[in-house]
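> Sequence below, structure please.
(chains A, B and C)
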Amino acid sequence: MTGALLPLFVAIPLTAAGITAFARPGRRWPLTVLLAVLAVHVAASALLLGATRDGEVYADGVGGWVPGIAIPFAADALSALMLTFTGALSLVCCWYAIASGVGRVRLFSPLVLAMIAGVNGALLTADAFNLFVFIEVMLMPSYGLLILARRGQGTERSVRGSRLYVTFNLFVSTLFLVGVGLVYATAGTVNLGLLAGAAKEDGRVAAAAAVALAALAMKAALVPTYGWLTRAYPSTSPAITALFSGLHTKVAVYAIYRLYAVIFDGDERWLLIGLVVCGVTVAVGAIASVGEQSMRSMLSFSMVSHLGYILVGVALFTPAGLAAGIFYLLHHMVVKAAQFLSAGAIEDTYGTDRIDRLRGIGRREPLVAATFAIAALSLAGLPPFSGFVAKLVLVIASIDAGQVLLAVVLIAASLITLLAMLRVWNAVFMSPVPEGESSTRRIPWSLAAPGAILAVVTIVLGLGAQLLIPLTEVAAEGLLDTTTYVEEVLR
Amino acid sequence: MTLLGLLLGGWLLTALAPLLARWLGHRAGWPLAAGLLGLAAMALMLGYDTTVEQSVPWIPSLDIALRLRLDGLAMLFVALVLIVGALVMIYSTAYFRGKPTVSYYTLMTAFAASMTMLVLADDLVLLFVSWEFTTLCSYLLILRSGPDAGPPAARTLLVTVAGGLCLLAAVATIVVRTGTTHLSTALADPAWSEDGTFATTVAILVAVAAMTKSAQFPFHAWLPDAMVAPAPVSAYLHAAAMVKAGIYLLLRFAEPAAHAPAWSALLITVGLVSSFIGAVFALQRTDLKALLAYSTVSHLGLLTLVIGVGTTAALTAAVVHVVAHAAFKSAGFLYVGLLEKRAGTRDIREVGGLWRSMPLASVLILVAAVAMGGIPPTLGFVSKELVLDGVLHGPGLWLAALVALSAAITVAYSGRMVVSTLPGAPTRLAPASGTWPMVVAIAIGAVAAGTFGLVAPALDPLVGRAVAATGGSGDVHLALWHGVTPALGLSLAAIAAGALLIVARRGVDRVLDRRLFPVTGVGAVEAVQRAVQVTGRRLGDLTRTDAPAAHLAVPLLLIAVLGVAGLVALTPSWEAADSTAVDVALLIVLTGGVIATVVARSRLGAVIAVGVAGFSVAVWFFTLGASDVALTQLLVEILTVVIMVLVLRHLPQQFGRRSVRRAVPAAILAIAAGVVATLGPLVFTGRAELSAVGRWFVEEGPVETGGANVVNTILVEFRALDTFGELVVLAIAALAITALVEARPRVTRPVLPSVSSLLAPAAPNAVFINVLARVLVPLMLLGSLYALLRGHNAPGGGFIAALIGAGALATRYLGAPDDREAHSGLPYLAIAGSGVVVAAVSGFIGYAERSFLTPLHADILGYHFTTSLIFDLGVYLAVFGVILGALDSLGSPEEPAAKAGDRR
Amino acid sequence: MILALSIGVLVAGAVFLMMSRSFIRVVLGFVLLSHAANLLLFSTGGTSRRAEPLGKSLDPVLTADPLPQAFVLTAIVISFAITIYLLSLAITGGRDEDDEDGDDA
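Numbers count the residues shown, from 1 in each chain, chains lettered A, B, ... in the order given. Below is the predicted model of the structure:
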């Protein structure tokens, strides 16, 4: 294992994206390439995870230039965990996309491959400007995926959603770029290794980096800038919503963890702001999710709430808090995708995801109903699912850090989440099959299975939390003490 | 044989249950009952007279383990849970004859396993997990009972989960304060006596958790709600076992929690209120099941109360009453199930003469009712006397009197159950065939409740060890007859008063035949649900629009407010020293362009004005010493304007009217943002000297790379990864645009003459441009090649070269007589894709030397070449691809996909 | 200081355009916004040294900082790509002007 191989996480998917762009319409080989690349990606990141599980950091100055000049790529346990989960999740979501039809639309493969490359680059880079570039590499293909549909089948809603999504993200990216620029103006570098602790020492660097962090918080859909997500996510095809839910906001969340740990060195002076914003986000997202009329809107608001939970970890910035936040992050990627996929399987088969138009799904679709139920209970933090462990460790960490009020909000919001889930459950799944509906529509196995697999994962991560917790603790340790990371970046 | 075996046995049985139910149908209850009894026997053998412990690691990182402990209290509850479970299973074999039972048996067994786990748990997290398991089992068992069960099941779940969350909060608090998840250790921690806040917080949280589980006021509403479940479920979960989980929890925490004064006060108050209103509501009901449900609330209230009293006598009373209640209440519910099955109703007004039509069952329910009323010589009498005795020797006579009052009402409703159903004219019943297992199950419960009073001392060891485990003295001597004591007096007085109430039952009914409470529990839960939903809907409405302006206004407002505040605090420097006269001129032109863009009424005008602003920015870059940037900006600006013009052909000429209502706030926001954007650079920038990195590039860059154009060497060598990303963005833009125009037909608009004359010149008008293009296009392509090659040393490079090349295409496009000819016919997706591949390949070559994108140098024919030239070629292709794609996709007025599809 | 004012003017214009109902105006707003961002990015290296970083032996006291220039070049091209995409969205949406309310209920 050597750090010099890290750029391959970007280079290989991009090469594949370039090659698959050549494909003529209707050809299947790009899908083979896509799945193969994703499979290799998952395997490679699992290896990386094995290599970083004791706190090792691998780094490479891309191009071989001197430290401080070259753009550094660095991987620690946190990056490796993220790479593994994003890769595996992409694989499952691509399977669903292919089964549901979106994946067979031309250009699906190159767009997804480029997006994965952008995600990987953002997870690996240790250079603030390069982070901006890779976020763009991730976003540009997403714009294409957002409206991807069979010829002439795109809806006006999807274009309006795209307009919102693209403009908001462009705005936020511009703000992030400005933040990075201001960091350069004040600190004279954009290299994370050189920036280590800079914001703790110099108020001007802190203010500059705060601009970049604010932009990332907007990308992570924290209150009050969450409306774009809850509008745009339900406007695209279900497969793409599921894919995005696991990748996009999560990259922003990762970047917040990383930048705050390195540039601010976990500066305690600003944590209260984070706690307040996260607490309000948790509450607002949960409450709003109860009032929604369609499954994907409900899930999108619920996602906002859980993004708040995830970022509580960094706002606490204690060993327990960071580890809990990271665990919550990984758990949420899996479970939210499971739920979007189960809702999507219903929508793709029955033609709507509106709560008031779907009836009796539970009786007709036991597997999808089970997936939804497991994911819902997991999101609400009930045992034996991963959400329970995630909530437990986060609540313990909050109380441990003296944030009792926050713990109360976290606990209360999980009850409201349950309320939102129950509302959908009762209306869509438990209601009787409408009289006289002789429809023989059934969700095909290939649409039900991807979500079901993720539902199994949440059970495994719940009962087998020990598989993941030591890794999240190592990742948290790497954020608390960035010495090794910084040393490797500057080697 | 270990505790783990006991636990796993329960779960193994759960795993077998669906198979057995599939194979044996309703008869699966027999082997399951045998299994549960086997587990009970195992528990008794393991820990009848000794405390056993076992620990298996689960999540060692968090110190969470499957810590199991079978002490006296756990023993009592394990026995209760498994034996009643077995009875219910036997009962079910008849009750569910001919009905689907797979999910029923699975969930019931899972519940038995969960309860066993709960009472064995010696780990706080395991305790909580089991607690929630029982909640989930209860929810699912209610849910499966029928099509209308959804809402009541949901209400039950919400109330019990809310209580569960209190337990979670308690667990988290304890773990944080005591540093362990080991229940026994945590309960013995000195923090309970030393830290009053901690003890009080946890005591209240635990009490509330138990109150929800045990249906105590004000959370009692879910229990009658849960009665939609079939009789065996009610008997097991909602009478004998699950609701007792709350009592178990209270008993488990009784010793340490007593350090908090709030504990005792809360439990006594809540217990008294629940016991009283439960009894009154029970007396009011004519539905036997509802009557029993409220009776459960009342009896559990009594238990809560005595646990709150907390003396050894009181705890003894609690433990005995747990046993007594489980026996007579399960018999009661099971009897109601039998009655419902045979009579088709469970309303006491609709049945009568059961003495004659089902004599055996009538005897049994009479025994159960007598025990429930606490009449000698039943176990119910023994436990009630203990309760009264405990209260008398604790808080005193006043409380004992109140308890006796509630006991009197208990006697009254217990009597009502029998006096209005057993005598009289017989109701027609369905045949009894095959119901004998049901009668057996009822009999065991009723007989236990009726006779254990006579053999009360036999319970001494079991009860004594249980009391000892809760912190009381284990020296317990139960007896039917304690001599003439004040408690006996109160007990007899209660019975007498109850008898009076039975005699005067018509009068009582008249008094009670009304709503006793302004709000019902069900109504309250529903109101909360609705309120949250309405609030949620309103919250969602705040962002329910797709208009970008609405969503962008939020962050802009934030920036404006926070920015002004923050930047003023950081004191900007207003020095104009670094400005020149040219700068001022540029500012003026720029401002003109911006204003023109903002006020333009026509789309074309706005585009041209934006072009002006863009050109002045390009000149800005030039004056600041960046000809590469300036050139790029210029070329980008030209191409942007060309593409915009193409796009405008599909849109109306004029913008819609701007409303003042919208413009004024927009202007205020704009000015605020402008102020922040002006202050920002003044605060943060103005670096006088080169940064260390900048200095390195200036001094070492040319030496390291051999290229004189420092900016270009940064782009293609030092930070080639940035450039790689950027060319990917470009190439993918081509793909995204293609995806967009394929998915969604473009808006079409009749091409207006005025616009077409300007933008899509008819053939004659195009002659001039056409001729010009013929000369210009090859020249520009040549120039573009030149720029590509020289980029390393002078202004130029892949971007600029490609932009020049694309400019050639744009010229050709504008010169073409119509769009059909304008189409380049080039496979732009492939060009863009190959750009990415070429750049990546040049990066892979770097591995030959050191790492991805490491440039390799070679001298060929006296010229110095590096692999970064290949990289630059990739950049060139990507840029070229995207512009070609944009021109081809956006240019033609007709549906492009149809024509373009086969070509690409 | 004049550069700062230019950035301010561009941002003010951009924000005003971004608040309008016409999507084309919003796009134009973003074009101006990216100009502003690029100028700001440029100014992070300092604007008092204005000599081109061209040549093999440069005077660090006079030469403009090349790194922000490279950043700006990258940023210009990225925003160009996104602008093109936004323009294609402008003609596929159905309408350019938004409704006052876009509720889908």
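> Excluding chain neighbours, give the residue nearest to the residue in the stretch 351-491 of chain A positioned nearest to chain C in space.
Here the residue of the stretch 351-491 of chain A nearest chain C is A:R354; by C-beta to the nearest C-beta that distance is 9.7 Å. Just so you know, the C-beta spots here come from the backbone N, C-alpha and C atoms, and that holds for glycine as well. Residue nearest to A:R354 in three dimensions, not counting chain neighbours: A:S294, with 4.9 Å by C-beta to C-beta, 6 or more residues apart in numbering or on different chains.
> do B:T640 as well
Setting aside the residues directly before and after it, B:T640 is nearest to C:T83 in space (C-beta to C-beta, 6+ apart), at 6.0 Å.
> Number of residues surrounding that neighbour?
C:T83 has 23 neighbours, counted by other C-beta atoms under 10 Å in any protein chain shown.
> Let me know the pLDDT of it.
Residue-level confidence at C:T83 comes out at 94, pLDDT.
> What of B:H650?
Per-residue confidence at B:H650 stands at 80 (pLDDT).
> shouldn't it be in contact with C:T92?
No: taking C-beta atoms under 8 Å as the definition, B:H650 is not a contact partner of C:T92, at 9.2 Å.
> Which residues of the stretch 51-200 of chain A lie near chain C?
Proximity of the stretch 51-200 of chain A to chain C (C-beta under 8 Å from any C-beta of the partner chain) is limited to residues A:129, A:133, A:136, A:140, A:143, A:147, A:154, A:156-157, A:159-160, A:162-163, A:166-167, A:170-171, A:174, A:177-178, A:181-182, A:184-185.
> Run through the stretch 351-491 of chain A and note the low-pLDDT ranges.
Low-confidence regions of the stretch 351-491 of chain A, defined here as pLDDT under 70, cover residues A:437-439.
> Do you have the helices of it handy? List them.
With helices called from DSSP state H, counting those that start in this stretch, the stretch 351-491 of chain A shows them at A:361-364, A:366-379, A:386-400, A:404-424, A:445-463, A:469-480, A:483-489.
> Of those helices, which stretch is the most buried?
Each of those was assessed for mean neighbour count using mean count of other C-beta atoms under 10 Å in any protein chain shown. The highest is helix A:386-400, with a mean of 27.
> Report the secondary structure state of the residue nearest to the spatial centre of chain C.
Most central residue of chain C, judged by C-alpha distance to the mean C-alpha position with C-alpha atoms, centre = their mean, is C:S34 at 1.0 Å. Look at C:S34: counting by DSSP: H, G, I helix; E, B strand; the rest coil, its state is helix.
> For the stretch 1-150 of chain B, which segments count as strands?
Using DSSP state E, counting those that start in this stretch, the strands assigned to the stretch 1-150 of chain B run over residues B:52-59, B:64-70.
> Just say which of those is most tucked in.
Per residue and on average, the most neighbours among the strands of the stretch 1-150 of chain B fall to strand B:64-70, with a mean of 23 (mean count of other C-beta under 10 Å).
> Which residue is the nearest non-sequential neighbour of B:R695?
Taking C-beta to C-beta, 6+ apart, and ignoring the residues beside it in sequence, B:R695 has C:P60 as its nearest neighbour in space, at 5.1 Å.
> Identify the residues contacting the one you found.
By C-beta atoms under 8 Å, 6 or more residues apart in numbering or on different chains, C:P60 lies in contact with B:689-690, B:695, B:698-699.
> same thing but 7 Å
Residues touching C:P60, when contacts are defined by C-beta atoms under 7 Å, 6 or more residues apart in numbering or on different chains, comprise B:690, B:695, B:698-699.
> From the residues you listed, which land in helices?
For those, membership in helices holds for B:695, B:698-699, with DSSP state H as the criterion.
> what about chain A, any weak spots by pLDDT?
Segments of chain A classed as low confidence (criterion: pLDDT under 70) are A:1, A:437-439.
> Many thanks, we can stop here.
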